[in-house]
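S.K.: fold the following and give me the result.
(one chain, ligands or ions: 1)
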Amino acid sequence: MKHQAIREQLFETVVKVNEVDLIRLSAGNISIRAGENLAAITPSGVKYCQMKVEDISIVDLDGHLIDGLTPSSETPMHTAIYRNLPDVGGICHTHSSYAITFAMLGEEIPPANLELFACGAPIPVALWACPGTQKVGEVTVEIFRSRPDLKVVLLNKHGLVAIGRDLHHAYEMAFNAEVGLRSYHQALLVGKPQPLTDSQLEEIKAAYRK
Ligand SMILES: [Zn+2]
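M.R.: Numbers count the residues shown, from 1 in each chain. Modelled structure (predicted):
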């Protein structure tokens, strides 16, 4: 099998996102940068619980299929991020429940807990872009470019996109975002969550630096 190592690397995260319920059925897609001009990405329409290593698609950064099954319909977004943000090595796009919930409200999420802080909150909601179009890549790239510390963006009425220096990092950011959003949602049900203050944020940054 061609590109075996990179496919296996992607597949490890396929198993994880399915196990922790970040991706259900085939709703969502993940990818990993492979060398200069390629990426490995999950195929279109294959349920994560049934996916096999050889199903993984290999595409060039213009989205052309090189090997494997038909790539995810969100391939244009993934390749746009890799083309425009050279430090990104992995991408995790989920339709996880709390990401969808807040993506429907269209309001920026404040850094109300450590998980959201780790994702670079405040987390913005991108302008509406129809799933599977080039526009999803355009609105996402524009936000990430203007906010170098931001790792997660909510896609309007859709889900989230997490980026990382590698796929494991992107997976962690997607996981943190979902936990942070779930806790934020619970706090909204019982009271008024207080975002971390500027001085608390400085304290945390200083502690992380140590
Ligand atoms: Zn999607």
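
S.K.: now stretch 192-205, how far from the chain's geometric center?
M.R.: Here stretch 192-205 is found 24 Å from its chain centre; the criterion is Cα atoms, centre = their mean, to the nearest Å.

S.K.: what about it, average pLDDT?
M.R.: Throughout stretch 192-205, pLDDT has a mean value of 95.

S.K.: how about stretch 48-63?
M.R.: Averaging pLDDT along stretch 48-63 yields 95.

S.K.: list the buried residues for it?
M.R.: 48, 51, 55-59, 61, 63 (16 or more other Cβ atoms under 10 Å). C-beta: built from backbone N, CA, C; applies to glycine.

S.K.: of the residues you listed, which belong to strands?
M.R.: Counting by DSSP state E, the part of the buried residues of stretch 48-63 found in strands is 57-59.

S.K.: so which other helices or strands are in contact with whatever helix or strand Ile100 lives in?
M.R.: Using DSSP states H and E, Ile100 sits in helix 97-105. Judged by 3 or more Cβ pairs under 8 Å, 6 or more residues apart in numbering; DSSP states H and E, helix 97-105 is in contact with strand 152-155, strand 159-164, helix 167-190.

S.K.: need the CA coordinates for it. PDB is fine.
M.R.: Extracted in PDB, the C-alpha atoms of helix 97-105 (Å, rounded to 0.1, in the frame of the first residue of the first chain):
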ATOM      1  CA  SER A  97     -23.000  18.200  19.800                       C
ATOM      2  CA  TYR A  98     -21.900  21.200  21.800                       C
ATOM      3  CA  ALA A  99     -20.000  22.700  18.900                       C
ATOM      4  CA  ILE A 100     -23.100  22.500  16.800                       C
ATOM      5  CA  THR A 101     -25.200  24.000  19.700                       C
ATOM      6  CA  PHE A 102     -23.100  27.100  20.000                       C
ATOM      7  CA  ALA A 103     -22.400  27.300  16.200                       C
ATOM      8  CA  MET A 104     -26.200  27.800  15.900                       C
ATOM      9  CA  LEU A 105     -26.200  30.900  18.200                       C
END
